[in-house]
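1. Attaching a predicted model along with its sequence, questions to come.
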Amino acid sequence: MNYLDDLTRNHPIRRTVAQKQVFIKDLLRLPACRRIGIRTERTKDGKNQNIILGDPLHAKVVYTAHYDTPAAALFPNIMIPRNQVLFLLVQLLPVLLLVGIALAFSYLISAAFDFDSTVLLVSFLILYYSLYYLLYRAFTNRNNRNDNTSGVATVLALAEQLQDDRLGGVAFILFDNEEKGKKGSKAYMKDHSEEMKDRLLINFDCVGNGENILFIAMPQAEKRAEFQRLQEQFVSNEAYHVYFYPIKGSESNSDYKNFPCGIGCMACKKSKRGVFYTPRIHTRYDVVSNAENIDFIVASMLRFLREL
């Protein structure tokens, strides 16, 4: 089954509670989910509804992705995982632009009405946060094929391909509210900290656009024997280049960072100067995501699981 196209067609937006409930209702009907066992688990704070397949608290490996989709942004959220200086510049430039606009209008208002410095500060803050909300939070993004429909499709495709004799060692979680600050995974880790502190977790986020497959590992995950086996089974070929990096020196803000043994998986393009990047996410241009990427990742993961 082509989950990427199916989700893009039937559930392109998963932002509101109602949209998420319709998505979950359809997941419950999938043969692979029924075979493994699917349920939802609301976190103890009551703010997130994660989707659970199997038993993550006793699995050898937990595969994850976030299923919520982002707001539309005027400025694209370009992932630049291995160049921290360039990443910070890309993040800072829109903020500095908003600060400049808010300051300029605040001074104009203060000068026109002879307001004091307190009113100037208040007007600046109101203008800045209003602009920020309008440009980053106010509107729903309708195209989310890479972020993170590609990650959800990878989890479902892997679950479908998994043989019954492997089900005891593997589980899956689709996290809620990653786009609101990784809240779903953060709350899940808090609720199950003892069980998850040594659990190997591999997270798929934006894996559909780019021929470079990157894995970024938390320090504890790097020390695991499974991490070496993962490297052995993910082999570059003519179509894909595979890279493994530590979290130190990397900028990749996704759910795996909330887990001591977390590993993030993403797809990137590569510039002529050797800079990895993932474009178009959080914008209406997020329409590029290749099923071949998912096929490559799933086939390699199945080889990895056979070695466990």
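-> Yep, that arrived. Residues are numbered from 1 along each chain as shown.
2. use CA for all of it now, contacts and neighbours both
-> Will do.
3. what about the helices in the chain?
-> Taking DSSP state H as the test, the helices found in the chain are 3-10, 17-27, 31-36, 84-113, 117-136, 151-161, 183-191, 193-196, 219-222, 225-233, 291-307.
4. Packed most tightly, which of those would that be?
-> helix 151-161 (a mean of 23; mean count of other CA atoms under 10 Å).
5. where in this structure is pLDDT low?
-> Along the chain, the model assigns pLDDT under 70 to residues 165.
6. please redo it, this time with the cut-off set to 80
-> The chain contains residues with pLDDT under 80 at 113-115, 117, 164-168.
7. for the longest strand belonging to it, which positions count as buried?
-> Secondary structure of the chain read by DSSP state E shows that its longest strand is strand 262-270. Buried positions in strand 262-270, judged by neighbour count with 16 or more other CA atoms under 10 Å: 262, 263, 264, 265, 266, 267, 268, 269.
8. Could you do stretch 198-209 as well?
-> Within stretch 198-209, the residues scored as buried using 16+ other CA under 10 Å are 198, 199, 200, 201, 202, 203, 204, 205, 206, 207, 208, 209.
9. ok, the spatially most central residue of the chain to residue 96 distance?
-> With distances taken as CA atoms, centre = their mean, residue 205 lies nearest the centre of the chain, 3.8 Å away. Distance from residue 205 to residue 96, counting by CA to CA, to the nearest Å: 28 Å.
10. can you list contacts of stretch 286-304?
-> Applying CA atoms under 8 Å, 6 or more residues apart in numbering, the contact partners of stretch 286-304 are 2, 4, 143-147, 150, 153-154, 157-158, 162, 207-209, 211, 229-230, 233-234, 280.
11. Let me know how buried residue 249 is, in neighbour terms.
-> By other CA atoms under 10 Å, the residues close to residue 249 number 12.
12. Surely it and residue 84 touch.
-> Yes: using CA atoms under 8 Å, residue 249 is in contact with residue 84, at 6.9 Å.
13. want to throw the buried residues of strand 262-270 into JSON lines with distance to residue 180?
-> Below are those laid out as JSON lines (distance: CA to CA, whole Å):
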{"residue": "262", "distance to residue 180": "19"}
{"residue": "263", "distance to residue 180": "20"}
{"residue": "264", "distance to residue 180": "18"}
{"residue": "265", "distance to residue 180": "20"}
{"residue": "266", "distance to residue 180": "19"}
{"residue": "267", "distance to residue 180": "22"}
{"residue": "268", "distance to residue 180": "23"}
{"residue": "269", "distance to residue 180": "25"}
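14. can you tell me the distance between the two ends of stretch 166-183?
-> 30 Å.
15. Which parts of that stretch count as buried, going by neighbours?
-> 167, 169-179, 182-183.
16. Can you flag which of these belong to strands?
-> Taking DSSP E, the ones among the buried residues of stretch 166-183 that sit in strands are 170, 171, 172, 173, 174, 175.
17. so what's the last one closest to, chain neighbours aside?
-> Using CA to CA, 6 or more residues apart in numbering and skipping residues adjacent in sequence, the residue nearest residue 175 is residue 66, 4.4 Å away.
18. Report the residue ranges of every domain in this structure.
-> Following the assignment in automatic domain parsing, the chain carries domains at 3-72+143-307, 84-136.
19. quick one: the residue nearest to residue 175 from residue 150, how far?
-> Counting by CA to CA, the gap from residue 66 to residue 150 is 10 Å.
20. Pick out whichever of the two has more residues nearby.
-> Set residue 66 next to residue 150 and count neighbours by other CA under 10 Å: residue 150 wins out with 33 against 29.
21. which residues sit in contact with the more buried one?
-> Neighbours of residue 150 in contact, by CA under 8 Å, 6+ apart: 4, 204, 205, 206, 207, 208, 289, 294.
22. In strands, which of the residues you listed fall?
-> Counting by DSSP E, the contacts of residue 150 place residue 204 in strands.
23. Would you convert the contacts of residue 150 into CSV that also reports distance to residue 25?
-> Below are the contacts of residue 150 laid out as CSV (distance: CA to CA, whole Å):
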residue, distance to residue 25
4, 17
204, 22
205, 22
206, 24
207, 25
208, 25
289, 24
294, 24
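24. so which of the contacts of residue 150 comes closest to residue 105?
-> Taking CA to CA as the measure, residue 105 lies nearest residue 206 of the contacts of residue 150, at 37.5 Å.
25. ok so, going back, now distance to residue 19 too, for the buried residues of stretch 166-183, in JSON lines please.
-> Listed next are the buried residues of stretch 166-183 as JSON lines, based on distance: CA to CA, whole Å:
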{"residue": "167", "distance to residue 19": "29"}
{"residue": "169", "distance to residue 19": "31"}
{"residue": "170", "distance to residue 19": "28"}
{"residue": "171", "distance to residue 19": "24"}
{"residue": "172", "distance to residue 19": "21"}
{"residue": "173", "distance to residue 19": "18"}
{"residue": "174", "distance to residue 19": "15"}
{"residue": "175", "distance to residue 19": "15"}
{"residue": "176", "distance to residue 19": "12"}
{"residue": "177", "distance to residue 19": "13"}
{"residue": "178", "distance to residue 19": "16"}
{"residue": "179", "distance to residue 19": "15"}
{"residue": "182", "distance to residue 19": "19"}
{"residue": "183", "distance to residue 19": "18"}
